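Enquirer: Got a predicted structure plus its sequence, pasted below:
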Amino acid sequence: QEQLVESGGGLVQPGGSLRLSCAASGFTLGYYGIGWFRQAPGKEREGVSCLGRSDGDTYYADSVKGRFTISRDTAKNTAYLQMNSLKPEDTAVYYCVAAAAVTVQGICRAGIFRYRGQGTQVTVSS
């Protein structure tokens, strides 16, 4: 059974860091483009960052550029989102997705994906 499971969320103070993990099972994550989305209460879903299958193609939302970094470890079949300099407005449920034969724009901007996880809560507050 194909599955994505996120972990690493939690409560952090403004300016702090978190690293989210997205473990894939039942399929090989390296064959897919991957992405991280977030959704806060009352707000639209936002494509935060996406990484193409080749790993050379990336997308970052303007709101996180310079602060977040997406990556994957093919040996662990896991994707990551390193989040630094966190702000209260980063508070949301974050979830990862995997997409086959889709550009990073297609994943992050158009929201096209095959698999998605259940999400992990990130709260940035003092």
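Expert: All right, it came through fine.

Enquirer: For the helix or strand bottoming out on mean pLDDT in the chain, what is the distance to the chain centroid?
Expert: Among the secondary structure pieces of the chain, namely its helices and strands, helix 104-108 has the lowest mean (mean pLDDT, DSSP states H and E), a mean of 92. Put simply, helix 104-108 sits 12 Å off its chain's centre (C-alpha atoms, centre = their mean, to the nearest Å).

Enquirer: ok, and what's touching that helix?
Expert: Taking contacts as C-beta atoms under 8 Å, 6 or more residues apart in numbering, the residues outside helix 104-108 that touch it are 33-35, 37, 47-52, 57-59, 61, 97, 99, 112-113. In short, each C-beta sits where N, CA and C put it, glycine included.

Enquirer: Phi first, then psi, for the closest residue to residue 24 other than its chain neighbours.
Expert: Ranked by C-beta to C-beta, 6 or more residues apart in numbering and with sequence neighbours excluded, the top spatial neighbour of residue 24 is residue 77, at 4.9 Å. Its backbone dihedrals place residue 77 at phi 50, psi 40, with angles given as degrees, to the nearest 10.

Enquirer: Sort out which of the contacts of helix 104-108 are buried, if you could.
Expert: In terms of neighbour count (16 or more other C-beta atoms under 10 Å), the buried residues within the contacts of helix 104-108 are 33-35, 37, 47-52, 59, 61, 97, 99, 112-113.

Enquirer: Which single one of these is nearest to residue 5?
Expert: residue 97 (12.6 Å; C-beta to C-beta).

Enquirer: In the protein, which residue is most central in space?
Expert: residue 36 (2.1 Å; C-alpha atoms, centre = their mean).

Enquirer: strand partners of the host helix or strand of that residue, parallel vs antiparallel please.
Expert: Assigned by DSSP states H and E, residue 36 falls within strand 33-39. For strand 33-39, the pairing partners within the sheet under DSSP bridges are strand 46-51 (antiparallel), strand 92-99 (antiparallel).

Enquirer: Contacts for the shortest one next, please.
Expert: Outside strand 46-51, the residues within contact range by C-beta under 8 Å, 6+ apart are 33-39, 57-61, 63-64, 68-72, 79, 81, 92, 94, 104-105, 107-109, 111.

Enquirer: Perfect, that will be all.
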